[in-house]
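Undergrad: Quick one, what's the 3D model for this:
(4 chains)
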Protein chains: 2
Amino acid sequence: MSTRVPQERRRRRPTRSGILLSEDLIVETALRLIGEHGPEALSVRRLGAALGCDPTALYRYFHGTDDLVLAIADRIIGDAMAGFVPGDDWVASLREMALRVRAGYLAHPRAAALAAHRVTRRRNEIRAVETGIGLLLTAGFEPADAARLYLAFIDTVLSHAATEAAFHALPRQQREADHRAWRDVYQDLDPATYPALTAVRPELAGMADSSFPQAVDLLLEALAARARALTRRPTAP
Amino acid sequence: MSTRVPQERRRRRPTRSGILLSEDLIVETALRLIGEHGPEALSVRRLGAALGCDPTALYRYFHGTDDLVLAIADRIIGDAMAGFVPGDDWVASLREMALRVRAGYLAHPRAAALAAHRVTRRRNEIRAVETGIGLLLTAGFEPADAARLYLAFIDTVLSHAATEAAFHALPRQQREADHRAWRDVYQDLDPATYPALTAVRPELAGMADSSFPQAVDLLLEALAARARALTRRPTAP
DNA sequence: ACATTGGGTCAACCCTGTTGACGTAAGGCG
DNA sequence: CGCCTTACGTCAACAGGGTTGACCCAATGT
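TA: Residues are numbered from 1 along each chain as shown, chains lettered A, B, ... in the order given. This next block holds a predicted model:
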């Protein structure tokens, strides 16, 4: 019974445990499940149990797991960008965009990890591109540069966010093992063959931390420097 | 029988079908399997079948699926970095590292999707970290900064490379559809609500190109600027 | 030549997503 | 009001996943 998922449903019939299913309720329950019990808690059976219905009832609302994940991703995008208005400071605005995207992904890592590399081409994405390129244009960049530089910026942000989300989407054991790896493995290395690692050994514990803000800062630093160079020589060869 | 995976094996016993198992052979077969039939084709049972052995024989070589994935990831790193020697120019060397990692991922796009954001804690990865941090130390950064900045650099490189690999791993139809979708969607937008996009419309065709070199250049630009600031004021407050 | 034991094999367990059949109750309609 | 259709919740079952413990053969050191 794969396929036809109707747009509007007329016959609303309570489950054995008394609740009324709906697309929204399922998506919300799925997000809650992930938030409470970790990303690995999202399975059709567990979702059914959390909803108080037979797991296969979900197939009346979504074609399959993938369809459900896309529905979840759609909501994440909307939530992340909701209420954002770019300010006068284009660097600060780009930074806030970056942090919002990252926060949206991290709020729901597993869904983000699954949907990150897809092109949504929906309204929220289009508006984000409009906003970002607009900011670079006000910074003084030529249209061609604004487009190219925005692409480099947003690709970095999205890639980083997706990577972080993917890491958070790992099963807890693997996640913690990766975390510990920097402490354990990298601590006792032969100083002769690994001089640089030995020199920075006290700092290696921090390698498990996120590099997202640092990377965004570096990128914005380079963009600001290029913008300053522009205003100094408005029409360069 | 989870656990003890010996470093060197002495008793090499052929499988029922006559082949001799080895860690390398398993990793290579896994890479071939993923390359031919996609990441979802990698399962213990299928890998056993491809190797001509009982699936559970793999547990003599790897603690579990995760361990195998890490071995694959490290193999990709090793292949990419094979023969690399850092030169005198630390910026150029970091750029070559970035391009090598990217090339390695693109060589195995589908495997890269699995392995990209893991800490392999194996030899090839450790050597790469040693090399990268060493380059930043020769650039004049303090140990703490070198570690943090390298993390930001390599995370950006790995994230970008993973994103590109994921895109290349898509079926051709879907890839080209995404490619076209960008042009199509952004073609006829209302100039009033999307002024910036309208201003850069001729440049939007290039949005489908890779932003990898651009992003790496921006990052290295920021790093070089910080290094210059260091040498100007060797001991800043 | 023999004891040791590494490691290939097998059967079994519990988890997944997904499907087709079944029946019940909800809602339209006379 | 009551019938008839059918939406949809339920159930059983299947195929495939990772992982484990027991088994036992043969390769190796002595």
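Undergrad: CA atoms for contacts and neighbours, from now on please.
TA: Fine.
Undergrad: okay, the helix or strand containing residue A:227 in PDB with CA atoms only?
TA: Assigned by DSSP states H and E, residue A:227 belongs to helix A:212-232. Provided in PDB are the C-alpha atoms of helix A:212-232 (Å, rounded to 0.1, in the frame of the first residue of the first chain):
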ATOM      1  CA  PHE A 212      32.100  26.800  12.600                       C
ATOM      2  CA  PRO A 213      32.400  30.300  14.200                       C
ATOM      3  CA  GLN A 214      36.100  30.400  13.500                       C
ATOM      4  CA  ALA A 215      35.700  29.400   9.900                       C
ATOM      5  CA  VAL A 216      32.900  32.000   9.400                       C
ATOM      6  CA  ASP A 217      35.000  34.700  11.000                       C
ATOM      7  CA  LEU A 218      37.900  33.900   8.700                       C
ATOM      8  CA  LEU A 219      35.700  34.100   5.600                       C
ATOM      9  CA  LEU A 220      34.100  37.300   6.700                       C
ATOM     10  CA  GLU A 221      37.500  38.700   7.500                       C
ATOM     11  CA  ALA A 222      38.700  38.000   3.900                       C
ATOM     12  CA  LEU A 223      35.500  39.400   2.500                       C
ATOM     13  CA  ALA A 224      35.800  42.600   4.500                       C
ATOM     14  CA  ALA A 225      39.400  43.000   3.500                       C
ATOM     15  CA  ARG A 226      38.400  42.700  -0.200                       C
ATOM     16  CA  ALA A 227      35.600  45.200   0.300                       C
ATOM     17  CA  ARG A 228      38.000  47.700   1.900                       C
ATOM     18  CA  ALA A 229      40.400  47.300  -1.100                       C
ATOM     19  CA  LEU A 230      37.500  48.100  -3.400                       C
ATOM     20  CA  THR A 231      36.500  51.300  -1.700                       C
ATOM     21  CA  ARG A 232      40.100  52.400  -1.800                       C
END
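Undergrad: Any stretches of chain A with poor pLDDT?
TA: Applying pLDDT under 70 to chain A flags residues A:1-11, A:114, A:118-122, A:233-237.
Undergrad: gap between the residue nearest the centre of it and chain B?
TA: In chain A, the residue lying closest to the centroid (CA atoms, centre = their mean) is residue A:105, at 2.5 Å. As judged by CA to the nearest CA, to the nearest Å, residue A:105 and chain B stand 14 Å apart.
Undergrad: wait, what's in contact with that residue?
TA: Neighbouring residues of residue A:105 by CA atoms under 8 Å, 6 or more residues apart in numbering or on different chains: A:76, A:112-113, A:161-162, A:165.
Undergrad: Which of those residues fall within helices?
TA: A:76, A:112-113, A:161-162, A:165 (DSSP state H).
Undergrad: Take the residues you listed and lay them out in JSON lines including distance to residue B:156 and neighbour count.
TA: Supplementary listing: those in JSON lines, determined by distance: CA to CA, whole Å; neighbours: other CA atoms under 10 Å in any protein chain shown:
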{"residue": "A:76", "distance to residue B:156": "23", "neighbour count": "22"}
{"residue": "A:112", "distance to residue B:156": "18", "neighbour count": "29"}
{"residue": "A:113", "distance to residue B:156": "17", "neighbour count": "22"}
{"residue": "A:161", "distance to residue B:156": "10", "neighbour count": "27"}
{"residue": "A:162", "distance to residue B:156": "11", "neighbour count": "29"}
{"residue": "A:165", "distance to residue B:156": "14", "neighbour count": "26"}
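Undergrad: What about chain B: which of those touch it?
TA: residue A:162 (CA under 8 Å from any CA of the partner chain).
Undergrad: Quick one: the helices in chain A, in order.
TA: Going by DSSP H, chain A shows helices at A:23-37, A:44-51, A:65-81, A:90-107, A:109-115, A:123-138, A:143-169, A:172-184, A:195-199, A:212-232.
Undergrad: So which of the ones you listed is nearest residue B:15?
TA: helix A:172-184 (30.7 Å; CA to CA).
Undergrad: and the angle from the closest one to helix B:65-81?
TA: With axes from the mean of the first three to the mean of the last three CA atoms, to 10 degrees as the basis, helix A:172-184 and helix B:65-81 are set at 50 degrees to each other.
Undergrad: Surely residue A:163 is in contact with residue B:114?
TA: No: with contact defined as CA atoms under 8 Å, residue A:163 does not reach residue B:114; the gap is 11.4 Å.
Undergrad: So which bits of chain A are right by DNA strand C?
TA: A:1-2, A:10-14, A:41-46, A:55-56, A:59, A:63-66 (CA under 7 Å from any atom of the strand).
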